[in-house]
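A.B. asks: sequence unknown, structure follows:
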């Protein structure tokens, strides 16, 4: 797999970095109360915070297409089709078509912003598409020859992460519900729950980027 020179830490070394500007105090109780309804347009387009790849992987009896739509939204379904094309392209040519990479990266950046909003990490309404937002995703393109063997068995290699991300997603749903009540009552997001949610968003996004073949660096088992 691809390696990076002189890594300083998991955060510095990994090609997928998710950053959320903390927002613990003086939260907007009104938009928090109706957050799910307000986020619905984004949910339709890019899905919810639980990894689309997990729902697709664990689908049964030919329901994969339906689960991509429900897990990753309309654009997630398109990204899935693009990833299949990219899989063949890398195996046969060793190259990731730039236009296809740009589309999937666009989808993931949008998804991170929408997930941060839905899970109450931020109160600002996310833009439709690209645009400035206090929750951001940075993707570094592979700086070495693509690992064809790792690409060929990408889904198998990701299974341990898929299991962990599924469990973390369940826990995140519970902590977000607790945070929702806390914000409505106190106007504050508990710090411990906030950092956990941010960590799950980071972990999940790294796994999705790995499955979408945007890079070959294996994701760390870490919320950091």
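C.D. replies: Alright, I've got the coordinates. Owing to the predicted nature of the structure, the values given are computational and were not obtained by experimental measurement.

A.B. asks: tell me the SS of residue 197?
C.D. replies: Look at residue 197: counting by DSSP: H, G, I helix; E, B strand; the rest coil, its state is helix.

A.B. asks: Next: residue 138.
C.D. replies: Residue 138 - assigned by three-state DSSP - is strand.

A.B. asks: On the three-state scheme, the closest residue to it other than its chain neighbours is what?
C.D. replies: Excluding its sequence neighbours, the residue lying closest to residue 138 (Cβ to Cβ, 6 or more residues apart in numbering) is residue 17, at 4.5 Å. Any C-beta I mention is one placed from the backbone N, CA and C, and that applies to glycine too. Assigned with three-state DSSP, residue 17 falls in the strand class.

A.B. asks: which stretches of this structure have low pLDDT?
C.D. replies: For the chain, applying pLDDT under 70 flags the ranges 1-12, 50-71.

A.B. asks: now the helices: where do they sit in it?
C.D. replies: Applying DSSP state H to the chain gives helices spanning 10-13, 29-33, 35-38, 40-46, 52-57, 64-93, 98-118, 148-152, 154-157, 159-186, 191-211.

A.B. asks: What residues of the last one count as buried?
C.D. replies: By 16 or more other Cβ atoms under 10 Å, the buried positions in helix 191-211 come out as 193-194, 196-211.

A.B. asks: sorry, back to before: would you turn the helices of the chain into JSON lines with distance to residue 220?
C.D. replies: Output for the helices of the chain, formatted as JSON lines (distance: least, Cβ to Cβ, whole Å):
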{"stretch": "helix 10-13", "distance to residue 220": "5"}
{"stretch": "helix 29-33", "distance to residue 220": "31"}
{"stretch": "helix 35-38", "distance to residue 220": "30"}
{"stretch": "helix 40-46", "distance to residue 220": "24"}
{"stretch": "helix 52-57", "distance to residue 220": "17"}
{"stretch": "helix 64-93", "distance to residue 220": "22"}
{"stretch": "helix 98-118", "distance to residue 220": "18"}
{"stretch": "helix 148-152", "distance to residue 220": "16"}
{"stretch": "helix 154-157", "distance to residue 220": "14"}
{"stretch": "helix 159-186", "distance to residue 220": "10"}
{"stretch": "helix 191-211", "distance to residue 220": "8"}
